[in-house]
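Student: Quick one: sequence plus predicted model below, questions after.
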Amino acid sequence: MSCTLSSLLSRLKSSTSDSEKFALLIIVSKVVTPQSVTPDLQGALSRAISFSFVQRLIRTSQEKENSALYRSLGVTIIKTCFLSEEYVEALRENTQCFLQIAADIPDTELDIIEIFRFLTQHCSATSSETLSHLISSLPSLTHFNRWTGIIHDLCEELEVSRECEEALKSVIEECISKLEQDSPTSLDTNINLVTGILSLVSCIPFLHQKVTNFNLLLDTTENLLKSRLPGETRLVLLGSTPILTNIFTLSSWTGTQTCYSLACIELKLALEAAVHRYEESQTLDLPPGPHVEGVIGCCATIENSIGEMVEENSQIPGETLTKLIDDIRMAMTSAMFYLQKTELQDQELFVPVLRCCMRWLSDDSLGVENIITTFTCLLKTFFEEETNYVSYGTFIVSAVLFQMEDAAFRTFVKEDLGYSLLDIGLRSVSNTPFTFAPIFNDLLSYDIFLHPSEIIKRTCFPSMGQIILTSIKDGLFFNFQGLSLIQLCSYLILCFSKRGVDISVYSKDFTLSDWVSSSISYLLQPIRDEDSPPPPSWVELREVWFSSVNSLCQLLEKCDRSVEGVSVELLVRKSCNYSELGDEVSGALEELLSLIAT
C-alpha cells in the first residue's frame with residue numbers, strides 16, 4: 001500500500017464529518033480502482049469507511065441536492081469494499097433500498113445485481129421478504145433477464161410463500177402482456193422478455209397453469225423459433241426452452257417439435273465449432289455466457305425429446321418419430337465426436353453433452369462399433385481421473401444394460417470395458433455411491449466373469465480387496481451403498497470362484513460363509529421383529545434391495561465352492577414378518593433360504 005493511500009485511509013478512518021469523509025472518498029476513488037482492490041485492501045477500506053457511513057449515503061433522501069451522486073457512490077463503495085461475510089446481515093437489511101436505487105438510477109443497476117448475487121450465495125442472509133421485494137420491483141428494473149436469474153436462484157434456496165407465488169404470477173402476467181406482436185422492433189424485446197419469463201416460470205412447479213395469458217408466451221416463443229434469427233440469438237432462446245419441452249409434449253404444443261429439431265441442429269453446429277476451435281488454436285475457451293448456456297439448454301431439450309420418445313404411452317406419429325430419431329442421431333454423432341476429444345473435458349459443455357449422449361445410448365444404437373469406441377475413450381481417460389460421474393452414472397448404467405443384448409458389445413465388456421467399470425466401482429467404496437452396481441448384477445445374468453489375474457492387474461483390487469470383502473458387517477447402516485456393495489462383492493467372488501482362485505488369499509479376515517451370513521443379516525434389516533415398521537429408506541431402496549438379493553442368490557447358485565456353515569436361524573426366525581413387505585419380498589427371501597438349505 002502506498003504512503004499516499006495509507007495516509008488517506010488513516011484520515012478517512014479518523015474523520016467524524018460526513019462531508020469530509022465524502023471528499024476523501026472522492027480522492028480515494030482516483031487512487032484505487034475496483035480492479036486493484038485486493039482482499040487486504042478491501043478490509044482496510046471497509047474499516048476506514050465504516051458501513052454506517054455508506055448506509056447513510058445510500059439512504060440519502062431523493063429530495064436532497066446531489067442525492068443521485070451520494071447514492072451511486074454508496075452503491076459503488078459497497079460493491080467494492082463490503083461484499084464479505086462480515087456484512088451479509090447489514091446488506092440484507094438494505095435490499096429494499098438497493099432496489100429503489102436501481103429503479104431510480106439505472107446506471108447503478110449492474111452493481112446492485114452483483115450485490116444481490118453475493119447475497120444469494122449466502123442463503124442464510126436472504127429471506128422471503130428479500131424475494132418479495134425483488135419480485136415486486138422487477139417490472140421497474142432495466143436488466144430484466146439478470147434479475148430473473150437471481151429470483152430463480154432464490155426460489156431454489158428458499159421456501160416460497162404463497163404471497164411470493166402470487167406476486168410472481170402477477171409479474172409474469174404483466175411481463176407477458178408487454179410482448180409485442182408483429183412489430184419490426186419487437187425481436188430483441190421479445191427475446192429478452194421470453195427468456196426472462198421462462199426463467200421465472202421454472203421457479204415453481206406448475207406455476208404456468210395459473211398464468212392466465214400463458215398461451216401468448218407460447219405463441220411468441222414459437223414464432224421467434226421459426227423466425228430467421230442469428231445463430232447466437234437462437235442459442236440464447238434455446239437455452240431457456242427446456243422448461244417448455246419438459247412441460248409440453250409434441251401433442252400439447254406445436255412449438256415442441258420446433259424446439260426438438262432446432263436443439264439438435266444447434267448442438268451439432270456448436271460442438272463441431274468447439275472441436276474446430278480447439279484443433280486450430282489448442283484453446284479450451286468458449287464464447288462467453290449465453291453460448292454455453294444455450295448449448296446446455298439444447299442438451300436438456302434433447303434429453304426431454306428422448307424421454308418423450310421412449311415413454312410407454314407415447315403416441316408420436318410415425319413420420320414425426322422418424323424425423324425426430326434422424327435429428328437426434330445427427331446430433332449424437334457430433335456429440336460422440338466431441339466427447340472423444342477428451343482434452344476438452346474441462347469445458348463446461350463436456351458433462352452436459354456426455355449426459356445427453358449416454359441418455360441416448362440408453363435407448364438407441366448408432367452401431368455397436370461407434371458405441372464401443374465412445375465407451376473405450378470415456379472410461380479409459382475421463383473417468384480414470386475421478387471426475388464426478390455420479391450425475392450421469394445412471395445413464396451410463398442404462399446404456400451398458402441396453403447394449404448388452406448385442407453379442408459384440410458383450411465381448412467388449414468381457415475383454416475390456418468390464419475392468420474399467422469394476423475399477424471405478426472399487427474406487428467408489430470410499431467416496432461416492434456404487435453407481436455402477438446394477439451392471440455387475442447384469443453380468444451375472446449373462447455369465448460374464450472377468451479373469452482374476454486381469455482384475456489384479458487392471459483394477460485397484462489389490463489395494464481395495466481387504467476393505468471391500470470385509471465391509472458388510474452387523475450394524476452397518478441400511479443404505480444404497482451397502483446394498484450395492486453386496487452386488488459388487490457377489491460378482492467379485494464369483495469371478496475368482498469360476499477360475500478356481502481362492503479370493504480369501506487377498507483378504508485375511510474373509511471367509512465365504514461369514515460374508516454370506518453378514519450379507520443375509522444386512523438384507524434382513526428392513527424386516528423388523530414384532531410389529532415395528534420397515535425403515536423410512538425402505539421405499540426408495542426397495543428395487544436396489546431386490547437386485548442385491550438376486551446377486552446373492554446367483555452367487556449361491558453358481559459358486560463352484562460349497563458355502564457351508566451359513567446360519568439360517570435369522571431367516572427362519574423372521575419368516576413370519578415377510579408378509580408385511582409384500583409377496584415379492586417373501587418370494588425373494590424364500591428362494592434365498594432354499595439355496596442356503598440346499
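Tutor: Nice, thanks for sending it over.
Student: so where's the stretch 101-250 of the chain uncertain?
Tutor: 123-127, 181-185 (pLDDT under 70).
Student: same deal with the stretch 401-550 of the chain?
Tutor: For the stretch 401-550 of the chain, the stretches with pLDDT under 70 are 428-435, 473-476, 527-536.
Student: Check the offset of the host helix or strand of Met309 from the chain's centre.
Tutor: In this assignment (DSSP states H and E), Met309 forms part of helix 290-310. Centroid separation for helix 290-310 versus its chain: 14 Å, with CA atoms, centre = their mean, to the nearest Å.
Student: repeat for stretch 275-291
Tutor: How far stretch 275-291 lies from its chain's middle: 23 Å, per CA atoms, centre = their mean.
Student: now do stretch 446-459
Tutor: Relative to its chain's centre, stretch 446-459 lies at 33 Å (CA atoms, centre = their mean).
Student: quick one: buried residues of that stretch?
Tutor: 448-452, 455, 458-459 (16 or more other CB atoms under 10 Å). Where you see a C-beta, it was placed from the backbone N, CA and C, and this is true even at glycine.
Student: Generate JSON lines for the residues you listed, with secondary structure and distance to Cys259 as supplementary columns.
Tutor: As requested, those are exported to JSON lines (DSSP: H, G, I helix; E, B strand; the rest coil; distance: CB to CB, whole Å):
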{"residue": "Ile448", "secondary structure": "coil", "distance to Cys259": "40"}
{"residue": "Phe449", "secondary structure": "coil", "distance to Cys259": "46"}
{"residue": "Leu450", "secondary structure": "coil", "distance to Cys259": "43"}
{"residue": "His451", "secondary structure": "coil", "distance to Cys259": "48"}
{"residue": "Pro452", "secondary structure": "helix", "distance to Cys259": "51"}
{"residue": "Ile455", "secondary structure": "helix", "distance to Cys259": "46"}
{"residue": "Arg458", "secondary structure": "helix", "distance to Cys259": "44"}
{"residue": "Thr459", "secondary structure": "coil", "distance to Cys259": "43"}
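Student: from those residues, which is closest to Ile328?
Tutor: Checking the buried residues of stretch 446-459 against Ile328 by CB to CB gives Ile448 as the nearest, at 29.6 Å.
Student: And Ser517, which helix or strand is it part of?
Tutor: Taking DSSP H and E as the criterion, Ser517 maps to helix 512-523.
Student: Does that helix pack against any helices or strands, and if so which?
Tutor: Applying 3 or more CB pairs under 8 Å, 6 or more residues apart in numbering; DSSP states H and E, one finds that helix 512-523 makes contact with helix 480-498, helix 538-558, helix 569-573, helix 583-597.
Student: which helices and strands does the second one pack with?
Tutor: Other elements packing on helix 538-558 under the criterion 3+ CB pairs under 8 Å, 6+ apart are helix 437-445, helix 480-498, helix 512-523, helix 583-597.
Student: Could you give the separation of the longest one from the chain centroid?
Tutor: Per CA atoms, centre = their mean, the displacement of helix 480-498 from the mean C-alpha position of its chain is 29 Å.
Student: same thing with the shortest one?
Tutor: Averaging C-alpha coordinates over helix 437-445 and over its chain gives two centres that are 26 Å apart (CA atoms, centre = their mean).
Student: so it versus helix 480-498, what angle?
Tutor: Orientation check (axes from the mean of the first three to the mean of the last three CA atoms, to 10 degrees): helix 437-445 against helix 480-498 gives 30 degrees.
Student: Can you identify each of the helices in the stretch 101-250 of the chain by residue range?
Tutor: Ranges of helices within the stretch 101-250 of the chain are 109-120, 128-137, 144-157, 162-177, 186-201, 214-226, 231-238, 242-247, based on DSSP state H, counting those that start in this stretch.
Student: What is the nearest of the buried residues of stretch 446-459 to Ser537?
Tutor: Closest to Ser537 out of the buried residues of stretch 446-459 is Thr459 (29.7 Å), distances taken as CB to CB.
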